[in-house]
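J.: Pasting the sequence and the predicted model now:
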Amino acid sequence: MKPADRTELYRRLALANPNPRTELAYASPFELLVAVVLSAQATDVSVNKATAKLYPVANTPAAILALGEETLRGYIKTIGLYQTKAKNVIALCRLLIERHRGDVPHDRAALEALPGVGSKTASVVLNVAFGEPVIAVDTHIFRIANRTGLAPAKTADKVAAKLEKVTPVEYLLNAHHWLILHGRYVCKARVPECWRCAIADLCRYRAKTPAAAAPESALNQELRGKPLARRRSFASKAKANR
Ligand code: SF4
C-alpha cells in the first residue's frame, strides 16, 4: 500500500472513532493485565462477565493470591482454558509481589517474564495502560494487515514490526484499537462487510464482498424457511408488530 493510502486509511478510521477504547473492562493496570491474560482465545464479553464478579472481591495481586487457585478457578470457569489461566494468574500475582512490589511494571522484558504474558499481552498493557505507541497484533489485526495490504507478512510478530514501521506516527497510539475494532465489526473473518467498509477503495483485497452477499436478516431467514402461506402470515404479523 502506498504511504498516502496508509495515511488516508488511518485518517478515516480515526474520523469514525476519534477515541477508541479497549472493550475489556478494567480500572487499574493490574485489572487490565489480568483481563488481557484471561482474554487469550476468549471473547472480551466472556472476560468482562467473569471479572465483573471477581474484581469487586479481589483486584490486587495480594487479594487474588489470598483467594487461592481453586477459588479463582470458580470465578473464571466460563472462560476457555480457565485452569491454565488460573494457574498463570496466581503465579503472576506472586511474581508481581516478589519483584515489583505488587505493581505492574512499565517494561516489556519484565512484563514478558510474567507467567501467561507473551509479547502480544505485553504490547496491549504497554499501549493501553501506559500509553506506549506499540501495536499488539491479534487475529483481527493480522487479517486486516494482510487483506488490505497495509502490512502483509506471514507471522504476527512480522506484521507487528511492519505496522509499527509504516503507521504514521500520529496514528501509532490508537492504531491497535482502530484495527481491532474494524476487524471485529466490519472486516470479519468469514464474510468481510466490504459493502459498508469506509476503507474499501484503499483496500487491496480482491474478493471483496458485494452488498448482495450481505447475510440475510433474521426475519428473512425465518421467512425463507417457511411454506409460502405461513411466510405471508408471518410477514404480516411482523409488519403489524412494527
Ligand atoms: S474492503 Fe473488505 S476486505 Fe478490505 S478492509 Fe474493508 S471489509 Fe476488509
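T.: Looks like it came in fine.
J.: Just the element for the residue most central in space within the chain, please.
T.: When C-alpha atoms, centre = their mean is applied to the chain, the residue found nearest the centroid is residue 180 (5.5 Å). Element membership of residue 180, judged by DSSP states H and E, is helix 172-185.
J.: picking that back up, now the residue nearest to the centre of the chain: closest residue in space, sequence neighbours ignored.
T.: Computed as C-beta to C-beta, 6 or more residues apart in numbering, the closest residue to residue 180 that is not its neighbour in sequence is residue 140, at 5.1 Å. From N, CA and C alone the C-beta is placed, and that goes for glycine too.
J.: by contact count, what packs against the helix or strand the one you found falls within?
T.: Using DSSP H and E, residue 140 maps to helix 139-148. On a contact count with 3 or more C-beta pairs under 8 Å, 6 or more residues apart in numbering; DSSP states H and E, helix 139-148 meets helix 156-166, helix 172-185.
J.: neighbouring contacts of the longest one?
T.: The set of residues external to helix 172-185 that reach it, using C-beta atoms under 8 Å, 6 or more residues apart in numbering, is 10, 13-14, 17, 19-22, 123-124, 127, 131, 133-136, 138-141, 143-145, 163-164, 167, 171, 189, 199.
J.: in that helix, what's buried?
T.: 172-184 (16 or more other C-beta atoms under 10 Å).
J.: Same question for the first one.
T.: Neighbour counts using 16+ other C-beta under 10 Å place 156, 159-160, 162-164 of helix 156-166 among the buried residues.
J.: repeat for stretch 132-144
T.: In stretch 132-144, counting by 16+ other C-beta under 10 Å, buried: 133-138, 140-144.
J.: any idea of the pLDDT on the residue nearest to residue 180?
T.: Looking at residue 140, its pLDDT is 94.
J.: quick one: it from the ligand, how far?
T.: 10 Å (C-beta to the nearest ligand atom, to the nearest Å).
J.: now residue 159
T.: Distance, residue 159 to the ligand, using C-beta to the nearest ligand atom: 15 Å.
J.: wait, what's in contact with that residue?
T.: If a contact means C-beta under 8 Å, 6+ apart, then residue 159 has 137, 141-142, 145-146, 151-153 as its contacts.
J.: repeat for residue 164
T.: Contacts of residue 164 (C-beta under 8 Å, 6+ apart): 133-135, 172.
J.: hang on, the earlier thing: could you export the buried residues of helix 172-185 as JSON lines, including pLDDT and distance to residue 41?
T.: Below are these laid out as JSON lines (pLDDT from 0 to 100; distance: C-beta to C-beta, whole Å):
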{"residue": "172", "pLDDT": "94", "distance to residue 41": "27"}
{"residue": "173", "pLDDT": "93", "distance to residue 41": "26"}
{"residue": "174", "pLDDT": "95", "distance to residue 41": "25"}
{"residue": "175", "pLDDT": "96", "distance to residue 41": "23"}
{"residue": "176", "pLDDT": "93", "distance to residue 41": "18"}
{"residue": "177", "pLDDT": "93", "distance to residue 41": "20"}
{"residue": "178", "pLDDT": "96", "distance to residue 41": "23"}
{"residue": "179", "pLDDT": "96", "distance to residue 41": "19"}
{"residue": "180", "pLDDT": "94", "distance to residue 41": "15"}
{"residue": "181", "pLDDT": "94", "distance to residue 41": "19"}
{"residue": "182", "pLDDT": "96", "distance to residue 41": "21"}
{"residue": "183", "pLDDT": "95", "distance to residue 41": "16"}
{"residue": "184", "pLDDT": "92", "distance to residue 41": "15"}
